[in-house]
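Trainee: could you work out the structure for the sequence below:
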Amino acid sequence: MIQASKKTSKADTTTITTTPQKNNNKKKKNVVKSSGGTANRSNGMLSAYELEREARIQQNQAKLAALNIPTAVSRMQAAVTPSRPEARARCDTTTPRRRKTWREQEHDLQAAAKAMPRRKSARLSGSDGKTNAQKHNDSDDDSDSDDDDLVAKLMTCDEWCKKQEIEKPGPRMEGRFQGWVNEQVRVTCGIRENAAAAWEAGGGGKFDRNESKGLRKSHGAEAAKMFAKGQLRKNPNAYFYRHVRPGDVQKDGEWEEDEIQRFVEVAKQYGCGDKWGLFASHLSGRVGYQCSAVYRHVIIPRGLLRDDGFRIKASGETVYVGDPGRREAAEKRGELKKSKEAGTSDAGAIITASAPAPEV
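Mentor: This is a model prediction of the structure:
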């Protein structure tokens with residue numbers, strides 16, 4: 001039995017591939033002959049595409065050499081590469097670093113804390129314990145010129161008005177607001193007739209002056225504003241310190257002259273210096289902290305109102321020095337303590353400061 005065998009030759013074999021053209025939807029058939037190994041890289045031959053690619057590489061290298069790029073790159077690498085072996089080892093990113101344990105990190109923090117200089121009290125450090133303002137005033141006590149003393153020291157409101165040649169300064173404030181919520185606003189919002197009644201109607205409880213301040217420090221101004229929003233009927237002072245009267249739109253920017261005149265009118269009628277939320281209920285479009293700011297930065301420097309709780313620099317900047325009554329009482333207590341230590345004081349003499357009623 002004779003089997004027929006069919007022989008195929010490589011020279012007769014053809015491979016047909018199709019490649020899409022870039023700018024034409026038609027497909028072009030490329031016939032690559034395999035006979036003789038004309039495109040076979042194993043025989044050291046390159047295709048037409050590879051020959052063209054090599055030519056382009058050589059052209060690019062020639063252009064870079066003409067621009068002196070290789071020399072610049074080598075100089076840059078030499079400049080940033082550390083010369084010492086240990087420095088090169090630190091810059092080596094191929095070697096993984098071991099992460100410190102939490103005990104090692106805690107040890108490093110403790111060592112850094114021990115290396116920091118410790119603060120000392122006035123007694124241990126040998127200082128006189130005076131504040132910067134007191135040192136600033138004491139430094140020019142021997143000055144011969146009254147004008148130099150006036151510029152160097154913090155001035156009272158009367159001294160400031162005299163220096164600014166304000167002929168008729170405004171009335172003197174005692175640092176207390178003696179009024180309540182604006183009557184029209186009170187009736188509209190359903191607020192009780194006084195602070196005690198409003199507090200009890202809102203649930204009562206112990207009053208904490210620093211509750212809103214602590215909330216602002218721990219959770220931000222928005223949290224304090226949301227807290228004050230719920231205090232309209234219980235603690236109107238807290239509400240109007242951060243919120244305008246219901247139905248009003250808060251104003252921003254500089255105060256108009258008519259707003260400043262209204263401010264002075266309310267201050268003359270009820271006083272000012274604290275409870276800025278209640279004070280702001282008498283002004284349209286302003287909140288408590290805006291009233292406090294304009295009082296300190298505009299009203300006092302212009303001499304429209306005077307307040308012994310503030311001192312004024314030569315630049316016109318106001319500095320709060322505290323309640324005069326409390327400050328005088330503290331000075332008297334200090335003098336009494338010194339006299340008792342010296343054994344010359346009267347045992348029956350007792351000086352106390354009159355503390356104001358809690359602000360609700």
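
Trainee: low-confidence regions, the stretch 51-200 of the chain specifically.
Mentor: 80-97, 116-152 (pLDDT under 70).

Trainee: for it, which segments count as strands?
Mentor: 172-173 (DSSP state E, counting those that start in this stretch).

Trainee: ends of stretch 265-277, how far apart?
Mentor: Stretch 265-277 has its terminal residues 16 Å apart, counting by Cα to Cα, to the nearest Å.

Trainee: what is the mean pLDDT for that stretch?
Mentor: On average, the pLDDT along stretch 265-277 is 94.

Trainee: identify each buried residue in it, please.
Mentor: By neighbour count on 16 or more other Cβ atoms under 10 Å, the buried set for stretch 265-277 is 266-267, 270-277. The C-beta positions use only the backbone N, C-alpha and C, and glycine is treated the same way.

Trainee: mind checking the SS state of the nearest residue to Leu232 once chain neighbours are set aside?
Mentor: Counting by Cβ to Cβ, 6 or more residues apart in numbering, Tyr239 is the residue found nearest to Leu232 once chain neighbours are left out, at 4.5 Å. Here Tyr239 is helix, with the state taken from DSSP: H, G, I helix; E, B strand; the rest coil.

Trainee: from Ala66, how far off is Tyr239?
Mentor: Using Cβ to Cβ, to the nearest Å, Tyr239 is found at 77 Å from Ala66.

Trainee: which residues does the residue nearest to Leu232 contact?
Mentor: 228-229, 231-232, 277 (Cβ atoms under 8 Å, 6 or more residues apart in numbering).

Trainee: let's see it at 6 Å
Mentor: 228, 231-232 (Cβ atoms under 6 Å, 6 or more residues apart in numbering).

Trainee: and which of those residues is nearest Ala293?
Mentor: Using Cβ to Cβ, Ala228 comes nearest to Ala293 of the contacts of Tyr239, at 17.2 Å.

Trainee: all helices for the stretch 101-250 of the chain, in order.
Mentor: For the stretch 101-250 of the chain, applying DSSP state H, counting those that start in this stretch gives helices covering 102-115, 122-125, 132-138, 146-152, 157-163, 183-189, 195-201, 211-219, 221-229, 236-242.

Trainee: tell me the average confidence for the last one?
Mentor: Averaged across helix 236-242, the pLDDT comes to 94.

Trainee: C-terminal to that helix, what's the next element?
Mentor: helix 257-270 (DSSP states H and E).

Trainee: next secondary structure after that following helix?
Mentor: Following helix 257-270 toward the C-terminus (DSSP H and E): helix 276-280.

Trainee: summarise which helices and strands that next one is packed against.
Mentor: Under the contact criterion of 3 or more Cβ pairs under 6 Å, 6 or more residues apart in numbering; DSSP states H and E, helix 276-280 touches helix 236-242, helix 288-294.
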